[in-house]
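1. Generate coordinates for the sequence data below:
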Amino acid sequence: PEGLVANSGGNFKSVSQINVIDKYTIEFVADKPDVPIEAFAHGGAIIVSADDIAEHNGDFREHKWAIGTGPFTSVERNDELWLQERFTDYFKPGQPHPDFLKHIWLVYQTPQNDAALRSGITDSAAWITPKLGKQLNAGDGPPGLMGYGWIFPVVGTYLFQSNDHSPLSDKNIRKAFALVIDQNDIFEALKDVEAHEPGGFLPIGTRHAKPIAELMTIPGVRPMTDEDLATAQQLLTDAGYEGGEGFPEVELLSRDAPSERIANDAIQAMLKQHLGIEAKIKLVDSSEHTNVLNSNEWDMATLGPYSTGLSDPVGILKSAYYCEDGKNLSGTAMRGGWCNAEMQTLISDMALTKPGSGARQALVDRVNEILYDEWPRMPVGPFPQYWGHWDYLGGNLPRAKFSGHYVLFTWDDVWLNQPARRAETR
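-> Have a look, this model is predicted:
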């Protein structure tokens, strides 16, 4: 329907037909080389019945609850909680085990979220602080409280505005910013709120990604050197803004979350200290952040990650850099406005090469050359996520460090193992 944006729809742009072969076989027909099957076959794929699609003309925006075939149905949702009850017709016999789930809204990676878990107000908590997460992983937490850390394979970038209305449309200005915004110092400031690692334009650990040792030699990724600072200041002078003189105030878009407030405070200080550029921070609520980000009414944004949950560079790069007539895969305006014709050709050619081959590596190398020359974004590496739960929860719960996408974790195979113990903790 007109005006409807499907965030995952871009993964299937090349799919021209979907044919049901038999009860267990579905055929996807693509009109050009792509990686749609890998994108579809993961836990975040939501199955919606054809009857529901027909009834609502494919537009569920006005429907009160999410439509799907999951293990729970919604009962109540407001600013404080989301209550779901067991779906008795769930396709897995005997599941889900809990009669209901109550989600309590707490700000992620905050002492309040940690306290709710430690006191037993919550049985399980996502995105606890690294400080508590590391304690639990080391076995130093309260008896019975378990924790685990995992890596979300995402490129968490800082976005630069490349549209004509911003001085950052000049790639040399973007490079100057990248050289003086020392991510390593920002990571140090964030260490008790959000643990980070350096990263490149492909997620660390995925095929064809640069190893950390190599990344640490790249200006703009490595800790800032005197040479990097001198280069950045010269680039600013060459653009007509010596010492930051005459450069318009930069607007930093920040989600109202602890980690981003810290990061933007640091960026604001670094731009002033090293380039003489003034910046103001625009804080927006998490629920509105995506809309503001898509509006492109900002100069720099600290939350512009990309990842499709894939390990293939074709899908990863398409999710960030696909651009056709100024629009991204989802059909909305390209965030930051950076569209590069050669990038589109490289991604298409990459889909025709064998994963891990020299031919594909050559294309990835050229992609990196473009990105480290143009700097449409500053790549930030994957950061460990820390979750925790009480040991009276049984079933399909992670027990060790892993790398993956959080949508792979579901609640249909989790149960309360010792209800009496649960009551004692509260």
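
2. Could you give the number of residues near Asp325?
-> Counted with other C-beta atoms under 10 Å, the neighbours of Asp325 add up to 7. Heads up, the C-betas are built off the backbone N, CA and C, glycines and all.

3. whoops, I mixed them up, Glu27
-> 9.

4. Is it within a helix or a strand, and which one?
-> In this assignment (DSSP states H and E), Glu27 forms part of strand 25-30.

5. can you pull the pLDDT of Thr302?
-> Per-residue confidence for Thr302 comes out at a pLDDT of 89.

6. Tell me who's in contact with it.
-> Counting by C-beta atoms under 8 Å, 6 or more residues apart in numbering, Thr302 touches 158-159, 252-255, 260, 263-264, 267.

7. Quick check: Ala257 vs Val15, distance?
-> Counting by C-beta to C-beta, to the nearest Å, the gap from Ala257 to Val15 is 35 Å.

8. ok, now Ala301?
-> Taking C-beta to C-beta as the criterion, Ala301 is separated from Val15 by 31 Å.

9. and the two? which has more neighbours close in?
-> When neighbours are counted by other C-beta under 10 Å, Ala301 and Val15 differ, and Ala301 comes out ahead with 26 against 16.

10. any idea which helix or strand of the protein has the worst average confidence?
-> Comparing helices and strands within the chain by mean pLDDT, DSSP states H and E singles out helix 419-424 as the least confident, with a mean of 49.

11. So Leu363 versus Leu329, what's the distance?
-> If you measure Leu363 against Leu329 using C-beta to C-beta, the figure is 19 Å.

12. Equivalent analysis for Gln17, please.
-> If you measure Gln17 against Leu329 using C-beta to C-beta, the figure is 19 Å.

13. Pro93 now?
-> Between Pro93 and Leu329 the distance is 38 Å, computed by C-beta to C-beta.

14. and what of Ile173?
-> Applying C-beta to C-beta, the value for Ile173 to Leu329 is 27 Å.

15. returning to that earlier point: specify which residue of Gln17 and Leu329 has the higher count of neighbours.
-> Counting neighbours by other C-beta under 10 Å for Gln17 and for Leu329 shows that Leu329 has the greater number, 22 against 9.

16. now that one, what's its secondary structure?
-> Under DSSP: H, G, I helix; E, B strand; the rest coil, Leu329 falls in the coil class.

17. Isn't it up against Ala320?
-> No: distance between Leu329 and Ala320: 9.3 Å, which falls outside the contact criterion (C-beta atoms under 8 Å).

18. Quick one: name whatever helix or strand follows the regular element (helix or strand) spanning Ala359.
-> Remark: Ala359 resides in helix 358-374, with elements defined by DSSP H and E. Next in sequence after helix 358-374, counting helices and strands by DSSP H and E, comes strand 377-378.

19. For stretch 338-347, list every residue counted as buried.
-> If you call a residue buried by 16 or more other C-beta atoms under 10 Å, then stretch 338-347 has these buried ones: 338-340, 343, 346-347.

20. wait, stretch 249-263
-> Judged by neighbour count (16+ other C-beta under 10 Å), stretch 249-263 contains these buried residues: 250-255, 257-263.

21. Now do it: everything it contacts.
-> Contacting residues not belonging to stretch 249-263 are listed as 107-110, 168, 186, 189-190, 193-194, 264, 267-268, 271, 277-286, 289, 292-293, 298-303 [C-beta under 8 Å, 6+ apart].

22. Check stretch 157-170 too.
-> Counting by C-beta under 8 Å, 6+ apart, 173-174, 177, 181, 239, 241, 247-248, 250, 267, 293, 296, 298-302, 304-306, 320, 335-338, 375-380 sit against stretch 157-170.
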